[in-house]
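J.: Just to be clear, the model below is a prediction. Sequence and coordinates:
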Amino acid sequence: MRAPLVFPSETRDASREKDEWGVNVFGEMGEDETLRAVKRPGLAEGFAGVEGTTGQGVFNFDGLVYEIVDDVLYTGVAPVGAWDSGVSYGTGATVSYQGQEWEALQDSLGQVPASGSAYWVLVEAGQIWVQLATTLPLPAFGNLQSVFGPVFRYDGKTWIADPTLGAAQPFVNSADLLTWNTAGAYPASTGLTTVISFLGGIYALDLDGLSAAFSTNGVSWTVSPLLGDVPAGFYTVPVVFGSNLFVLDSGSNICTSADGITFARQSMNLPHTGSDVWNLVVMGSTLFALPENGHKDVWSSLDGLVWTQLTADWGFTAIGYGVVVFSGRMYVCGGSVSGSLKNTVYSSSDGIAWTTEVYGAVWPVRSYPVAQNTAGLLTVLGGNGPSGNRLDVWQLQAGPTPPTGLPL
């Protein structure tokens with residue numbers, strides 16, 4: 001609900017001006033304009049408007065939206081209209097209803113905005129995506145697609161590298177996503193390499209060179225040959241689940257390792273593996289498999305081996321999206337549908353029920369963005385746009401905070 005509005009100037013009762021209607025005038029809003037709120041005693045809704053005009057429930061004044069609900073005058077930060085049962089609304093239309101703002105998910109006529117409605121979704125109050133940077137520091141690393149994990153969090157910083165480009169590619173890192181520092185380089189690589197944070201340091205897995213490399217600073221590395229059941233390639237970023245590294249390889253296997261060097265191939269019942277169809281996500285004590293490549297089923301596991309289908313259809317299609325755990329929910333960001341790039345954000349606390357998130361502002365469309373929890377803020381970096389690689393950084397922040405309220 002929008003925060004109620006306070007008028008610091010004069011408040012007086014002018015009910016005699018409108019016969020039996022109660023009229024309160026709250027100070028002068030302009031040289032010749034007076035804000036007027038009209039409310040019949042005992043009614044939750046009222047009339048409101050600028051001096052000389054009336055409009056039921058909601059009105060716009062000086063770029064803001066005002067509404068009377070339950071004896072309180074509220075304001076928003078952008079003009080919206082009151083929901084009207086007789087008006088046809090197109091997809092994306094925004095209305096105000098019972099002190100909250102709603103966005104149309106599809107064409108609507110007469111469907112009341114409500115939680116769980118197939119026609120309306122509640123706009124998250126006070127949250128907007130803010131662009132932090134327009135150009136990331138490494139032109140050579142424009143492709144931030146997360147398949148090979150060139151972007152990761154370690155030591156309170158965001159690190160970027162692209163080991164797929166060959167030997168001695170530099171790392172850069174940043175604590176605030178604004179100021180970037182060169183921080184070492186990855187050792188020689190022959191191809192399929194992913195870089196993540198593991199065992200208290202930086203871990204690089206090279207399945208072409210059959211080696212693993214560890215570092216605590218990105219400068220000095222310890223390289224070891226892989227042992228045991230080496231994963232047969234991979235199409236999704238490995239994850240740390242419990243105390244083990246889990247690699248979903250390009251066959252139908254889960255390969256695990258406690259030290260990142262010696263692997264064991266484990267049998268499992270996760271379906272249609274063998275291609276890039278899953279994103280592995282750790283949330284709490286559960287490992288989730290989110291669908292890719294046109295699939296829609298969501299699975300979960302408590303050990304990474306025995307999987308349970310949570311839903312056969314999570315309700316949408318997304319290919320090449322970014323995913324991150326934030327505030328107890330999984331967030332799916334962007335991607336493409338039938339070749340059309342998206343900037344839609346979905347979230348779920350259980351992998352079963354997914355919510356379309358609606359914000360006051362959002363980033364441009366893209367596929368394969370990197371989604372991160374950066375110092376407690378939801379962040380989206382890079383990706384592929386309509387004209388090539390995107391090098392921008394966006395962060396979800398609190399929007400303008402309206403003042404507190406005034407009873408009528």
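T.: Structure received. Residues are numbered from 1 along each chain as shown.

J.: give the contact list for residue 257.
T.: Neighbour list for residue 257: 228, 244, 245, 247, 263, 264 [criterion: CB atoms under 8 Å, 6 or more residues apart in numbering]. Glycine gets a C-beta too; all of them are placed from N, C-alpha and C.

J.: any idea how far it is from residue 182?
T.: To residue 182, residue 257 is 30 Å away according to CB to CB, to the nearest Å.

J.: Ok, residue 249 next?
T.: For residue 249 relative to residue 182 (CB to CB), the value is 33 Å.

J.: Could you check which of the two has the larger neighbour count?
T.: Legend: neighbour count by other CB atoms under 10 Å for residue 249 and residue 182, higher for residue 249 (22 against 12).

J.: give me the beta-bridge partners of that one?
T.: residue 234 (DSSP bridges).

J.: show me the contacts for the residue lying closest to residue 367 once chain neighbours are set aside.
T.: Residue nearest to residue 367 in three dimensions, not counting chain neighbours: residue 320, with 3.8 Å by CB to CB, 6 or more residues apart in numbering. Residue 320 is in contact with 145, 292, 334, 335, 336, 367, 368, 384, counting by CB under 8 Å, 6+ apart.

J.: Let me know the closest of the contacts of residue 257 to residue 153.
T.: residue 245 (16.2 Å; CB to CB).

J.: neighbours around the closest one, how many?
T.: Neighbour count of residue 245, defined by other CB under 10 Å: 24.

J.: Can you name every helix or strand that the longest strand along the chain contacts?
T.: Counting by DSSP state E, the longest strand found in the chain is strand 388-398. Strand 388-398 sits against strand 127-133, strand 377-385, with contacts defined as 3 or more CB pairs under 8 Å, 6 or more residues apart in numbering; DSSP states H and E.

J.: Alpha carbons of the last one, in CSV - could you do that?
T.: Backbone C-alpha positions of strand 377-385 (Å, rounded to 0.1, in the frame of the first residue of the first chain) are rendered in CSV as follows:
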residue,chain,number,x,y,z
LEU,A,377,20.8,-6.2,-3.1
LEU,A,378,19.4,-8.0,-6.1
THR,A,379,21.7,-7.3,-9.1
VAL,A,380,21.7,-8.0,-12.9
LEU,A,381,24.8,-7.7,-15.0
GLY,A,382,25.4,-8.0,-18.7
GLY,A,383,23.7,-10.4,-21.0
ASN,A,384,22.8,-10.5,-24.7
GLY,A,385,20.7,-7.6,-26.1
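
J.: Run the angle between it and strand 388-398 for me.
T.: With axes from the mean of the first three to the mean of the last three CA atoms, to 10 degrees as the basis, strand 377-385 and strand 388-398 are set at 160 degrees to each other.

J.: who touches strand 377-385?
T.: 129, 136, 142-145, 151, 158, 177, 320, 322, 324, 326, 331, 333-334, 341, 363-373, 389-397.

J.: Would you show me how to pick out the buried ones of those residues in ChimeraX?
T.: Selection of buried members from the contacts of strand 377-385 for ChimeraX, criterion 16 or more other CB atoms under 10 Å:
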select :129,136,142,143,144,145,151,158,177,320,322,324,326,331,333,334,341,363,365,366,367,368,369,370,371,372,389,390,391,392,393,394,395,396
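
J.: Fine by me, we can end here.
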